[in-house]
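Enquirer: Let me see the structure of the following:
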Amino acid sequence: MKAASWLGIALLASACASLPAADPGGKGEIIIASDNPTSGAQRADGRGPEAGVAYAIQLNPTIKGFRITHKPYDDSVNGAPDAQQGAQNFTDMVANLKVLGVVGPFNSNVARATIPVANKAGLVMISPSNTMNCLTLDLPGCDPTASALRDASKPNTYFRIAAADIMQGTAMADFAIDTLKITKLAVFSDGNPGYGTSIADSFAKRLQTRGGTVVVRQDYPLKPLTPVDYTPFLQRAKDAGAQGIFAGASPPTGGCIARAQSKGILDVYHLGPDVFGANQCIRDAGDQGTDKMYYVAPSLEWAQDSANTTLVEAFRSAFTQKEDLSAYTLHGYDCAKILLDAIGRAIDAAGGNMPTRRQVLDAVQSTKNLKLATGTYGFDQNGDATSPTIAVYQVRSGRWVFVKQFSVGR
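Expert: The predicted structure follows:
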(Lines give C-alpha, C1' and ligand atoms only; values in the text may rest on other atoms or scores of the structure.)
Protein backbone atom coordinates (compact mmCIF):
# COMPACT_ATOMS: atom_id res chain seq x y z
CA MET A 1 0.00 0.00 0.00
CA LYS A 2 2.79 2.35 0.92
CA ALA A 3 4.69 1.48 -2.28
CA ALA A 4 1.60 2.19 -4.36
CA SER A 5 1.23 5.58 -2.69
CA TRP A 6 4.78 6.49 -3.50
CA LEU A 7 4.28 5.29 -7.07
CA GLY A 8 1.23 7.53 -7.40
CA ILE A 9 3.16 10.49 -6.08
CA ALA A 10 6.02 9.78 -8.47
CA LEU A 11 3.65 9.55 -11.45
CA LEU A 12 1.94 12.79 -10.44
CA ALA A 13 5.31 14.52 -10.12
CA SER A 14 6.31 13.20 -13.54
CA ALA A 15 3.05 14.43 -15.10
CA CYS A 16 3.44 17.87 -13.54
CA ALA A 17 7.02 18.06 -14.78
CA SER A 18 5.83 17.40 -18.35
CA LEU A 19 3.36 20.32 -18.37
CA PRO A 20 4.59 23.53 -20.02
CA ALA A 21 5.53 26.22 -17.55
CA ALA A 22 3.13 29.13 -17.30
CA ASP A 23 4.45 32.40 -18.72
CA PRO A 24 5.04 34.47 -15.57
CA GLY A 25 5.36 37.78 -17.37
CA GLY A 26 8.20 38.79 -15.10
CA LYS A 27 10.36 40.54 -17.70
CA GLY A 28 8.36 43.75 -17.57
CA GLU A 29 5.16 45.42 -18.73
CA ILE A 30 4.10 46.22 -22.30
CA ILE A 31 1.05 48.44 -22.74
CA ILE A 32 -1.37 48.42 -25.65
CA ALA A 33 -3.43 51.60 -25.54
CA SER A 34 -6.75 52.29 -27.24
CA ASP A 35 -8.50 55.51 -28.22
CA ASN A 36 -12.26 55.69 -28.78
CA PRO A 37 -15.25 57.91 -28.01
CA THR A 38 -16.52 56.07 -24.94
CA SER A 39 -18.66 58.72 -23.29
CA GLY A 40 -21.58 60.67 -24.63
CA ALA A 41 -23.65 60.05 -27.73
CA GLN A 42 -21.09 57.90 -29.55
CA ARG A 43 -20.33 55.53 -26.68
CA ALA A 44 -22.42 52.89 -28.45
CA ASP A 45 -19.84 53.00 -31.28
CA GLY A 46 -16.64 53.47 -29.30
CA ARG A 47 -17.11 51.10 -26.39
CA GLY A 48 -17.29 48.03 -28.65
CA PRO A 49 -13.76 48.25 -30.07
CA GLU A 50 -12.42 49.22 -26.63
CA ALA A 51 -13.98 46.08 -25.17
CA GLY A 52 -12.62 44.04 -28.06
CA VAL A 53 -9.08 45.18 -27.25
CA ALA A 54 -9.61 44.42 -23.57
CA TYR A 55 -10.80 40.90 -24.39
CA ALA A 56 -7.88 40.15 -26.70
CA ILE A 57 -5.46 41.15 -23.92
CA GLN A 58 -7.47 39.23 -21.33
CA LEU A 59 -6.86 36.13 -23.45
CA ASN A 60 -3.18 37.00 -23.92
CA PRO A 61 -2.00 38.49 -20.61
CA THR A 62 1.64 37.60 -21.21
CA ILE A 63 3.90 37.18 -24.21
CA LYS A 64 7.30 35.54 -23.96
CA GLY A 65 7.88 36.68 -20.39
CA PHE A 66 6.32 40.14 -20.68
CA ARG A 67 3.07 41.19 -19.01
CA ILE A 68 0.59 42.77 -21.45
CA THR A 69 -1.83 45.40 -20.16
CA HIS A 70 -4.48 47.62 -21.72
CA LYS A 71 -4.74 51.37 -21.19
CA PRO A 72 -7.97 52.81 -22.65
CA TYR A 73 -8.43 56.48 -23.55
CA ASP A 74 -11.65 58.40 -24.23
CA ASP A 75 -11.46 61.08 -26.93
CA SER A 76 -14.96 62.50 -26.33
CA VAL A 77 -15.52 66.08 -25.22
CA ASN A 78 -19.03 67.21 -24.33
CA GLY A 79 -20.33 63.89 -25.61
CA ALA A 80 -18.72 63.98 -29.05
CA PRO A 81 -15.41 62.73 -30.54
CA ASP A 82 -12.87 65.54 -30.36
CA ALA A 83 -9.71 65.71 -32.48
CA GLN A 84 -7.85 67.90 -30.00
CA GLN A 85 -8.64 65.53 -27.16
CA GLY A 86 -7.41 62.66 -29.31
CA ALA A 87 -4.13 64.47 -29.92
CA GLN A 88 -3.76 65.07 -26.17
CA ASN A 89 -4.40 61.40 -25.52
CA PHE A 90 -1.70 60.40 -27.98
CA THR A 91 0.72 62.90 -26.45
CA ASP A 92 0.21 61.08 -23.16
CA MET A 93 0.70 57.71 -24.82
CA VAL A 94 3.97 58.61 -26.53
CA ALA A 95 5.36 59.93 -23.23
CA ASN A 96 4.85 56.50 -21.67
CA LEU A 97 7.62 54.32 -23.09
CA LYS A 98 5.78 51.17 -22.03
CA VAL A 99 3.14 51.91 -24.68
CA LEU A 100 4.30 49.98 -27.76
CA GLY A 101 1.11 50.12 -29.81
CA VAL A 102 -2.31 51.74 -30.05
CA VAL A 103 -5.66 50.50 -31.33
CA GLY A 104 -7.54 53.48 -32.70
CA PRO A 105 -8.72 56.05 -33.06
CA PHE A 106 -12.28 55.23 -34.04
CA ASN A 107 -13.06 58.39 -36.03
CA SER A 108 -11.20 59.57 -39.13
CA ASN A 109 -11.17 63.22 -38.08
CA VAL A 110 -9.50 62.23 -34.81
CA ALA A 111 -6.97 60.13 -36.74
CA ARG A 112 -6.04 63.16 -38.80
CA ALA A 113 -5.00 64.94 -35.59
CA THR A 114 -3.27 61.95 -33.97
CA ILE A 115 -1.24 60.55 -36.88
CA PRO A 116 1.39 63.35 -36.65
CA VAL A 117 1.81 62.79 -32.90
CA ALA A 118 2.31 59.04 -33.21
CA ASN A 119 4.46 59.34 -36.33
CA LYS A 120 6.90 61.74 -34.68
CA ALA A 121 7.35 59.29 -31.79
CA GLY A 122 7.49 56.16 -33.95
CA LEU A 123 4.43 54.70 -32.18
CA VAL A 124 2.42 52.24 -34.25
CA MET A 125 -1.35 52.73 -34.38
CA ILE A 126 -4.01 50.53 -36.01
CA SER A 127 -7.55 51.78 -36.52
CA PRO A 128 -10.46 49.36 -36.68
CA SER A 129 -12.78 51.79 -38.44
CA ASN A 130 -11.17 54.77 -40.23
CA THR A 131 -12.04 55.01 -43.94
CA MET A 132 -11.06 58.56 -45.00
CA ASN A 133 -8.96 58.36 -48.17
CA CYS A 134 -6.66 61.19 -47.16
CA LEU A 135 -5.29 59.35 -44.12
CA THR A 136 -3.21 57.07 -46.35
CA LEU A 137 -3.46 58.48 -49.89
CA ASP A 138 -2.48 61.73 -51.60
CA LEU A 139 -5.54 62.43 -53.74
CA PRO A 140 -7.05 65.57 -55.27
CA GLY A 141 -9.12 67.34 -52.64
CA CYS A 142 -7.05 66.06 -49.70
CA ASP A 143 -6.31 68.91 -47.31
CA PRO A 144 -4.06 67.96 -45.69
CA THR A 145 -2.67 65.13 -47.77
CA ALA A 146 -1.53 61.88 -46.18
CA SER A 147 2.09 62.87 -46.75
CA ALA A 148 1.58 66.15 -44.91
CA LEU A 149 0.46 64.25 -41.81
CA ARG A 150 3.80 62.45 -41.60
CA ASP A 151 7.44 63.37 -41.12
CA ALA A 152 9.13 62.53 -44.42
CA SER A 153 12.22 61.37 -42.55
CA LYS A 154 10.29 58.77 -40.54
CA PRO A 155 8.51 55.54 -41.51
CA ASN A 156 4.74 55.40 -41.62
CA THR A 157 3.24 54.36 -38.27
CA TYR A 158 -0.48 54.43 -39.18
CA PHE A 159 -2.42 51.34 -40.26
CA ARG A 160 -6.09 50.44 -40.64
CA ILE A 161 -8.11 47.31 -41.33
CA ALA A 162 -11.24 48.98 -42.76
CA ALA A 163 -11.18 49.68 -46.47
CA ALA A 164 -10.39 53.22 -47.58
CA ASP A 165 -13.39 54.99 -49.09
CA ILE A 166 -11.89 54.74 -52.57
CA MET A 167 -12.05 50.93 -52.32
CA GLN A 168 -15.84 51.06 -52.15
CA GLY A 169 -15.96 51.87 -55.85
CA THR A 170 -13.61 49.00 -56.63
CA ALA A 171 -15.69 46.58 -54.58
CA MET A 172 -19.01 47.67 -56.10
CA ALA A 173 -17.63 47.25 -59.62
CA ASP A 174 -16.66 43.68 -58.74
CA PHE A 175 -20.14 43.10 -57.29
CA ALA A 176 -21.82 44.53 -60.40
CA ILE A 177 -19.91 42.19 -62.69
CA ASP A 178 -19.65 39.06 -60.54
CA THR A 179 -23.03 39.05 -58.79
CA LEU A 180 -25.42 41.29 -60.73
CA LYS A 181 -23.91 40.20 -64.06
CA ILE A 182 -24.04 43.69 -65.57
CA THR A 183 -21.23 45.37 -67.50
CA LYS A 184 -22.67 48.62 -68.91
CA LEU A 185 -23.14 51.35 -66.30
CA ALA A 186 -23.58 55.10 -66.13
CA VAL A 187 -21.60 56.89 -63.42
CA PHE A 188 -22.07 60.24 -61.73
CA SER A 189 -20.50 62.00 -58.76
CA ASP A 190 -21.36 64.92 -56.50
CA GLY A 191 -18.10 66.71 -57.35
CA ASN A 192 -16.52 66.10 -53.94
CA PRO A 193 -12.92 65.18 -54.86
CA GLY A 194 -12.15 63.72 -51.44
CA TYR A 195 -15.11 61.35 -51.43
CA GLY A 196 -17.77 61.10 -54.13
CA THR A 197 -15.61 61.77 -57.18
CA SER A 198 -12.75 59.55 -55.99
CA ILE A 199 -15.17 56.67 -55.37
CA ALA A 200 -16.81 57.18 -58.78
CA ASP A 201 -13.36 57.22 -60.39
CA SER A 202 -12.36 53.98 -58.68
CA PHE A 203 -15.63 52.35 -59.73
CA ALA A 204 -15.17 53.40 -63.36
CA LYS A 205 -11.53 52.29 -63.43
CA ARG A 206 -12.28 48.88 -61.95
CA LEU A 207 -15.30 48.34 -64.20
CA GLN A 208 -13.22 49.02 -67.29
CA THR A 209 -10.35 46.86 -66.01
CA ARG A 210 -12.83 44.01 -65.61
CA GLY A 211 -14.05 44.43 -69.20
CA GLY A 212 -17.10 46.58 -68.48
CA THR A 213 -18.08 49.90 -70.03
CA VAL A 214 -18.89 53.31 -68.56
CA VAL A 215 -21.57 54.41 -71.00
CA VAL A 216 -22.08 57.89 -69.48
CA ARG A 217 -20.02 59.85 -66.93
CA GLN A 218 -21.11 63.09 -65.21
CA ASP A 219 -19.49 65.03 -62.34
CA TYR A 220 -21.84 67.62 -60.87
CA PRO A 221 -20.70 70.78 -59.05
CA LEU A 222 -20.53 70.19 -55.31
CA LYS A 223 -23.59 71.91 -53.86
CA PRO A 224 -24.88 70.02 -50.79
CA LEU A 225 -28.62 70.31 -50.13
CA THR A 226 -29.13 72.05 -53.48
CA PRO A 227 -31.71 70.32 -55.71
CA VAL A 228 -30.24 68.77 -58.86
CA ASP A 229 -32.14 67.70 -61.96
CA TYR A 230 -30.68 64.33 -62.91
CA THR A 231 -33.16 63.59 -65.67
CA PRO A 232 -30.85 64.61 -68.57
CA PHE A 233 -28.15 62.29 -67.21
CA LEU A 234 -30.68 59.50 -66.71
CA GLN A 235 -32.05 59.94 -70.22
CA ARG A 236 -28.55 59.71 -71.67
CA ALA A 237 -27.95 56.60 -69.58
CA LYS A 238 -31.09 55.02 -70.97
CA ASP A 239 -30.17 55.92 -74.56
CA ALA A 240 -26.72 54.38 -74.04
CA GLY A 241 -28.19 51.10 -72.79
CA ALA A 242 -27.06 51.40 -69.16
CA GLN A 243 -27.82 48.34 -67.05
CA GLY A 244 -27.11 50.21 -63.85
CA ILE A 245 -26.25 53.57 -62.28
CA PHE A 246 -23.36 54.13 -59.88
CA ALA A 247 -23.66 57.24 -57.73
CA GLY A 248 -20.53 58.62 -56.11
CA ALA A 249 -22.64 60.79 -53.86
CA SER A 250 -24.39 60.92 -50.49
CA PRO A 251 -28.03 61.55 -49.59
CA PRO A 252 -27.33 65.27 -48.90
CA THR A 253 -25.69 65.62 -52.32
CA GLY A 254 -28.47 63.85 -54.21
CA GLY A 255 -27.15 60.32 -54.51
CA CYS A 256 -30.55 58.77 -53.82
CA ILE A 257 -32.81 61.50 -55.19
CA ALA A 258 -31.44 60.46 -58.58
CA ARG A 259 -33.13 57.11 -58.05
CA ALA A 260 -36.50 58.80 -57.47
CA GLN A 261 -36.02 60.88 -60.63
CA SER A 262 -35.41 57.73 -62.68
CA LYS A 263 -39.13 56.90 -62.53
CA GLY A 264 -40.57 56.73 -66.00
CA ILE A 265 -37.11 56.98 -67.60
CA LEU A 266 -35.27 53.77 -66.70
CA ASP A 267 -35.53 51.16 -63.97
CA VAL A 268 -32.07 49.66 -63.52
CA TYR A 269 -29.76 48.86 -60.60
CA HIS A 270 -28.85 51.90 -58.50
CA LEU A 271 -25.53 51.42 -56.67
CA GLY A 272 -23.74 53.60 -54.16
CA PRO A 273 -21.17 53.89 -51.34
CA ASP A 274 -21.56 53.39 -47.60
CA VAL A 275 -23.39 56.68 -46.98
CA PHE A 276 -26.36 55.17 -48.83
CA GLY A 277 -26.86 53.08 -45.69
CA ALA A 278 -28.69 55.92 -43.98
CA ASN A 279 -32.45 55.48 -43.95
CA GLN A 280 -32.69 58.90 -45.59
CA CYS A 281 -31.51 57.31 -48.82
CA ILE A 282 -34.54 55.03 -48.98
CA ARG A 283 -36.84 57.95 -48.17
CA ASP A 284 -35.21 60.06 -50.91
CA ALA A 285 -35.81 57.29 -53.44
CA GLY A 286 -39.56 57.41 -52.78
CA ASP A 287 -41.51 54.65 -54.49
CA GLN A 288 -38.36 53.77 -56.43
CA GLY A 289 -36.73 52.55 -53.19
CA THR A 290 -36.85 48.96 -54.38
CA ASP A 291 -34.66 45.87 -54.35
CA LYS A 292 -32.64 47.29 -57.24
CA MET A 293 -30.81 49.57 -54.78
CA TYR A 294 -27.49 48.43 -53.26
CA TYR A 295 -24.68 49.95 -51.25
CA VAL A 296 -21.25 48.77 -50.12
CA ALA A 297 -19.83 49.12 -46.59
CA PRO A 298 -16.07 49.26 -45.91
CA SER A 299 -15.72 46.34 -43.49
CA LEU A 300 -16.96 42.86 -42.71
CA GLU A 301 -20.18 42.31 -40.76
CA TRP A 302 -18.89 39.77 -38.25
CA ALA A 303 -22.36 38.56 -37.22
CA GLN A 304 -22.79 37.09 -40.71
CA ASP A 305 -19.76 34.82 -40.33
CA SER A 306 -20.59 31.59 -38.49
CA ALA A 307 -16.88 31.06 -37.81
CA ASN A 308 -17.17 33.80 -35.17
CA THR A 309 -19.98 32.16 -33.17
CA THR A 310 -17.78 30.58 -30.50
CA LEU A 311 -15.66 33.73 -30.12
CA VAL A 312 -18.74 35.93 -29.74
CA GLU A 313 -20.33 33.61 -27.18
CA ALA A 314 -17.14 33.59 -25.10
CA PHE A 315 -16.90 37.37 -25.37
CA ARG A 316 -20.49 37.81 -24.21
CA SER A 317 -19.74 35.75 -21.12
CA ALA A 318 -16.77 37.96 -20.23
CA PHE A 319 -18.18 41.37 -21.23
CA THR A 320 -21.82 41.77 -20.36
CA GLN A 321 -22.60 45.49 -20.70
CA LYS A 322 -24.98 46.56 -23.45
CA GLU A 323 -22.42 48.57 -25.44
CA ASP A 324 -19.66 45.96 -25.21
CA LEU A 325 -20.74 44.06 -28.32
CA SER A 326 -21.24 46.41 -31.25
CA ALA A 327 -20.50 46.60 -34.97
CA TYR A 328 -16.76 47.18 -34.42
CA THR A 329 -16.08 45.02 -31.35
CA LEU A 330 -14.35 42.26 -33.28
CA HIS A 331 -12.52 44.82 -35.40
CA GLY A 332 -11.00 46.23 -32.22
CA TYR A 333 -10.25 42.67 -31.10
CA ASP A 334 -8.47 41.94 -34.38
CA CYS A 335 -6.40 45.13 -34.25
CA ALA A 336 -5.20 44.08 -30.80
CA LYS A 337 -4.44 40.59 -32.13
CA ILE A 338 -2.31 42.12 -34.90
CA LEU A 339 -0.36 44.07 -32.29
CA LEU A 340 0.01 41.04 -30.03
CA ASP A 341 1.33 38.98 -32.92
CA ALA A 342 3.74 41.77 -33.88
CA ILE A 343 4.93 42.23 -30.29
CA GLY A 344 5.77 38.53 -30.08
CA ARG A 345 7.88 38.75 -33.24
CA ALA A 346 9.46 42.02 -32.04
CA ILE A 347 10.52 40.34 -28.79
CA ASP A 348 12.24 37.66 -30.87
CA ALA A 349 13.95 40.37 -32.92
CA ALA A 350 15.16 41.91 -29.65
CA GLY A 351 16.70 38.62 -28.56
CA GLY A 352 14.00 37.98 -25.96
CA ASN A 353 14.37 41.45 -24.45
CA MET A 354 11.97 44.39 -24.34
CA PRO A 355 11.43 45.41 -27.97
CA THR A 356 11.66 48.97 -29.22
CA ARG A 357 8.74 50.80 -30.80
CA ARG A 358 10.56 50.55 -34.12
CA GLN A 359 10.80 46.77 -33.80
CA VAL A 360 7.06 46.54 -33.12
CA LEU A 361 6.36 48.88 -36.04
CA ASP A 362 8.51 46.80 -38.38
CA ALA A 363 6.71 43.65 -37.24
CA VAL A 364 3.29 45.18 -37.97
CA GLN A 365 4.44 46.34 -41.40
CA SER A 366 5.67 42.82 -42.20
CA THR A 367 2.38 41.17 -41.20
CA LYS A 368 1.27 38.78 -43.94
CA ASN A 369 -1.80 36.57 -44.29
CA LEU A 370 -2.78 36.80 -40.63
CA LYS A 371 -6.25 35.21 -40.49
CA LEU A 372 -8.47 36.77 -37.84
CA ALA A 373 -12.17 37.18 -37.05
CA THR A 374 -12.85 40.01 -39.51
CA GLY A 375 -10.49 39.10 -42.33
CA THR A 376 -7.01 38.05 -43.35
CA TYR A 377 -4.53 40.88 -42.95
CA GLY A 378 -1.34 42.28 -44.34
CA PHE A 379 -0.54 45.93 -45.10
CA ASP A 380 0.80 47.97 -48.00
CA GLN A 381 3.38 50.73 -47.69
CA ASN A 382 0.66 53.30 -46.95
CA GLY A 383 -0.77 51.33 -44.02
CA ASP A 384 -3.89 50.10 -45.82
CA ALA A 385 -4.99 46.48 -45.52
CA THR A 386 -4.03 44.72 -48.74
CA SER A 387 -7.27 42.71 -48.99
CA PRO A 388 -9.93 44.31 -46.79
CA THR A 389 -13.34 42.67 -46.53
CA ILE A 390 -16.39 44.66 -47.58
CA ALA A 391 -20.12 43.99 -47.19
CA VAL A 392 -22.97 44.66 -49.63
CA TYR A 393 -26.54 45.59 -48.63
CA GLN A 394 -29.81 45.71 -50.58
CA VAL A 395 -33.17 47.37 -50.04
CA ARG A 396 -35.80 44.80 -49.15
CA SER A 397 -39.26 45.70 -47.89
CA GLY A 398 -38.20 49.26 -47.18
CA ARG A 399 -34.99 48.59 -45.24
CA TRP A 400 -31.36 47.75 -45.90
CA VAL A 401 -30.54 44.03 -45.62
CA PHE A 402 -27.15 42.29 -45.73
CA VAL A 403 -26.47 40.44 -49.00
CA LYS A 404 -22.86 39.21 -49.03
CA GLN A 405 -19.29 40.09 -48.11
CA PHE A 406 -15.96 39.44 -49.81
CA SER A 407 -12.34 40.56 -49.86
CA VAL A 408 -11.23 43.11 -52.40
CA GLY A 409 -7.80 44.31 -53.50
CA ARG A 410 -6.58 47.12 -55.68
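
Enquirer: Quick check: longest helix in the protein by residues?
Expert: Looking across the chain with DSSP state H, the single longest helix is helix 329-349.

Enquirer: can you tell me which residues contact the residue most central in space within the chain?
Expert: By C-alpha atoms, centre = their mean, the chain has its centre lying nearest to A162, at 2.0 Å. Applying C-beta atoms under 8 Å, 6 or more residues apart in numbering to A162 gives the contacts 127-131, 298-299, 331, 385, 388. Placement of C-beta: from N, CA and C, glycine included.

Enquirer: For it, which three-state class applies?
Expert: Following DSSP: H, G, I helix; E, B strand; the rest coil, the label given to A162 is coil.

Enquirer: and the gap between it and L300?
Expert: 9 Å (C-beta to C-beta, to the nearest Å).

Enquirer: I'd like the mean pLDDT over stretch 224-236, please.
Expert: When pLDDT is averaged along stretch 224-236, the result is 93.

Enquirer: So, low pLDDT: which residues of this protein?
Expert: 1-22 (pLDDT under 70).

Enquirer: what helix or strand does P144 sit in?
Expert: When elements are assigned from DSSP states H and E, P144 belongs to no helix and no strand.

Enquirer: Could you verify my assumption that it touches C134?
Expert: Yes: with contacts counted by C-beta atoms under 8 Å, P144 reaches C134, the gap being 7.2 Å.

Enquirer: contacts for stretch 79-94?
Expert: Here stretch 79-94 has contacts from 33, 35, 37, 39-42, 46, 71, 73-77, 99, 102, 105-107, 109-114, 117-118, 120-121, 123, 125, using C-beta under 8 Å, 6+ apart.

Enquirer: Show the buried residues in the residues you listed.
Expert: 33, 35, 37, 39-40, 42, 46, 71, 73-77, 99, 102, 105-107, 110-114, 117-118, 121, 123, 125 (16 or more other C-beta atoms under 10 Å).

Enquirer: I'd like to know which of those are part of helices.
Expert: If you go by DSSP H, the buried ones among the contacts of stretch 79-94 have 46, 110-114, 117-118, 121 in helices.

Enquirer: Tell me the one of the residues you listed nearest V408?
Expert: The closest of these to V408 turns out to be A111 (C-beta to C-beta; 21.6 Å).

Enquirer: need the contact list for the closest one.
Expert: Contact partners of A111, counting by C-beta under 8 Å, 6+ apart, are 86, 105, 127, 130, 132, 135, 158.

Enquirer: go on, A118?
Expert: The contact partners of A118, taken as C-beta under 8 Å, 6+ apart, are 90, 93-94, 102, 124-125, 157-158.

Enquirer: Among the residues you listed, which lie within strands?
Expert: Among the contacts of A118, the members falling in strands (DSSP state E) are 102, 125, 158.

Enquirer: For A260, which non-adjacent residue is closest in space?
Expert: G286 (4.3 Å; C-beta to C-beta, 6 or more residues apart in numbering).

Enquirer: wait, isn't L135 in contact with T114?
Expert: No: contact between L135 and T114 fails when scored by C-beta under 8 Å: they sit 10.3 Å apart.

Enquirer: Tell me how this structure divides into domains.
Expert: Per automatic domain parsing, the structural domains of the chain span 28-163+304-379, 166-297+391-407.

Enquirer: Which residues belonging to the helix or strand encompassing Q280 are considered buried?
Expert: Following DSSP H and E, one finds Q280 within helix 279-285. By 16+ other C-beta under 10 Å, the buried positions in helix 279-285 come out as 281-282, 284-285.

Enquirer: Repeat that for stretch 282-300.
Expert: Applying 16+ other C-beta under 10 Å to stretch 282-300 flags 282, 284-285, 288-289, 292-300 as buried.

Enquirer: all helices of the stretch 301-410 of the chain, in order?
Expert: 309-318, 329-349, 357-365 (DSSP state H, counting those that start in this stretch).

Enquirer: gap between the residue nearest to A260 and P224?
Expert: Look at G286 and P224: by C-beta to C-beta, they are 20 Å apart.

Enquirer: Repeat that for A240.
Expert: Taking C-beta to C-beta, one finds A240 at 28 Å from P224.

Enquirer: which stretches of the stretch 101-250 of the chain form helices?
Expert: Assigned by DSSP H, counting those that start in this stretch, the stretch 101-250 of the chain shows helices spanning 108-121, 166-175, 196-209, 231-239.

Enquirer: residue contacts, Q235?
Expert: Taking C-beta under 8 Å, 6+ apart as the criterion, Q235 is in contact with I265.

Enquirer: Distance of D35 relative to Q84?
Expert: Plainly put, D35 is 13 Å away from Q84 if you go by C-beta to C-beta.

Enquirer: Contact partners for Y269?
Expert: Counting by C-beta under 8 Å, 6+ apart, Y269 touches 176, 180, 182, 243-245, 292-294.

Enquirer: Export those to TSV and append columns for distance to L234.
Expert: Listed next are the contacts of Y269 as TSV, based on distance: C-beta to C-beta, whole Å:
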residue	distance to L234
A176	18
L180	19
I182	16
Q243	13
G244	12
I245	8
K292	14
M293	15
Y294	18
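
Enquirer: what's across from I30 in the sheet?
Expert: Note on I30: beta-bridge partners by DSSP bridges are I68.

Enquirer: Would you mind measuring from it to T226?
Expert: I30 sits 53 Å away from T226, taking C-beta to C-beta as the criterion.

Enquirer: Which one of those two is surrounded by more residues?
Expert: Counted by other C-beta atoms under 10 Å, I30 and T226 do not tie: I30 has more neighbours, with 25 against 11.

Enquirer: Could you report the distance from the nearest residue to V216 once chain neighbours are set aside to V110?
Expert: Nearest non-adjacent residue to V216, counting by C-beta to C-beta, 6+ apart: A186, 4.0 Å away. Distance, A186 to V110, by C-beta to C-beta: 36 Å.

Enquirer: and what of F246?
Expert: 30 Å.

Enquirer: One more: I63?
Expert: As judged by C-beta to C-beta, I63 and V110 stand 28 Å apart.

Enquirer: what's the burial count for Q261?
Expert: 18.

Enquirer: and if you look at L372?
Expert: 19.

Enquirer: so it touches D334, yeah?
Expert: Yes: counting by C-beta under 8 Å, D334 is a contact partner of L372 at 4.2 Å.

Enquirer: before we move on, the earlier item: please work out which of the helices of the stretch 301-410 of the chain is packed deepest.
Expert: Stretch with highest mean neighbour count among the helices of the stretch 301-410 of the chain: helix 329-349 (a mean of 24; mean count of other C-beta atoms under 10 Å).
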